[in-house]
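S.K.: model the following, please.
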Amino acid sequence: MAMNQPKLAYEKKGQKEDSNTPSASAVQTPKAAKNNNFMQKFLPPAIAFIVVVGLWEIVTRLLGYAPYLLPKPSDIVLSAVENWSNLMTSVMTTVYESVFGFLLSIVIGVSGAILLASSKIIEKAVYPYAIVLQTIPVVAIAPIIVIWFGAGVNSIVIIAFLIGFFPMISNTLIGLNSTDGNMQNLFKLYNASRWQIMWRLRLPAAMPYIIAGLKISCTLSVVGAIVGEYIAGIGGGEGGLGYAITVASSRLQTPYLFACGLCASILGITFYLLVSAFSKWALSSWHESEMKSEN
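M.R.: Next up, the predicted model:
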């Protein structure tokens, strides 16, 4: 009996360790974990969207609202299908204007921030005027832009640029000025020039701030393009979403107006997702923000 007691104690200990060991079914493969994260991220918004659209359809049918007052989601889809050709032409026009305004804000905003960050005197002299430009309503200076550049694409691109410019120059300047001072001293210790410090240290270190500015500016460029189409847009078959919204509103084509607004929203979301994908590609290997999002 005494010989069997240690054996029984060992068996009980083994059973206890086995109970703490996770079973094969409890261990998730990387693919299953990825699918689970995908479901947790996208399933709740999808369910909320279906519920809201379903309630919208049911309530408008029960209350019997006229389509020109509050169209049903089915009316919006039908209007988009019936006017698909005109809608896609308007979308592509707005995409063209938004992309050019966005690229212009990137080039001039980042270049201007580098120039300001290279000299405190230049920064103190010029940056206040960038703030003043941001505070002036676009509607107030749009007529001047139309007089200078003429009605059409040129003026719309300039307006989209003005709306998206300040987030780029502001965020980039903050990033350039936030570079670690010890790293700058190390570069100076190795006799690096001011421009070597700028291009090889300060600019890469400011990349997270630049991408944050991109995320803001890309959506504002869509807003700027549509606002520009309201003020300086061209009509006919070459008009963008802003012109299409204006025409639909004047004709009480509310379902088509909703369709144009939804297309503008989808366009802004698409721009944001593209910039987010670029952010993940550029920062995931070294910056904490994207490394956390991957885990």
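S.K.: where does the stretch 1-150 of the chain have low pLDDT?
M.R.: 1-35, 38 (pLDDT under 70).
S.K.: which stretches of it form strands?
M.R.: Shown for the stretch 1-150 of the chain, no strands are assigned by DSSP state E, counting those that start in this stretch.
S.K.: what about residue 268, neighbour count?
M.R.: 18 (other C-beta atoms under 10 Å). Glycine gets a C-beta too; all of them are placed from N, C-alpha and C.
S.K.: what helix or strand is it on?
M.R.: Residue 268 is part of helix 254-283 when elements are defined by DSSP states H and E.
S.K.: which parts of that helix are buried?
M.R.: For helix 254-283, burial by neighbour count (16 or more other C-beta atoms under 10 Å) applies to 254-261, 263-264, 267-268, 271-272, 275-276, 279-280, 283.
S.K.: name the helices or strands packed onto it?
M.R.: Secondary-structure packing of helix 254-283 (3 or more C-beta pairs under 8 Å, 6 or more residues apart in numbering; DSSP states H and E): helix 73-82, helix 84-117, helix 207-232, helix 241-250, helix 288-294.
S.K.: that helix versus helix 241-250: what angle between them?
M.R.: 160 degrees (axes from the mean of the first three to the mean of the last three C-alpha atoms, to 10 degrees).
S.K.: my read: residue 264 touches residue 229, true?
M.R.: No - here residue 264 lies out of contact with residue 229, judged by C-beta atoms under 8 Å, at a distance of 10.3 Å.
S.K.: which residues are common contacts for these two?
M.R.: Here residue 264 and residue 229 have 94, 241 as joint contacts, going by C-beta atoms under 8 Å, 6 or more residues apart in numbering.
S.K.: gap between the two ends of stretch 249-260?
M.R.: Terminal residues of stretch 249-260 are spaced 11 Å apart (C-alpha to C-alpha, to the nearest Å).
S.K.: residues making contact with it?
M.R.: 67-71, 75-80, 83, 87, 90, 241, 244-245, 247-248.
S.K.: buried subset of those?
M.R.: 67, 71, 75-76, 78-80, 83, 87, 90, 241, 244-245, 247-248.
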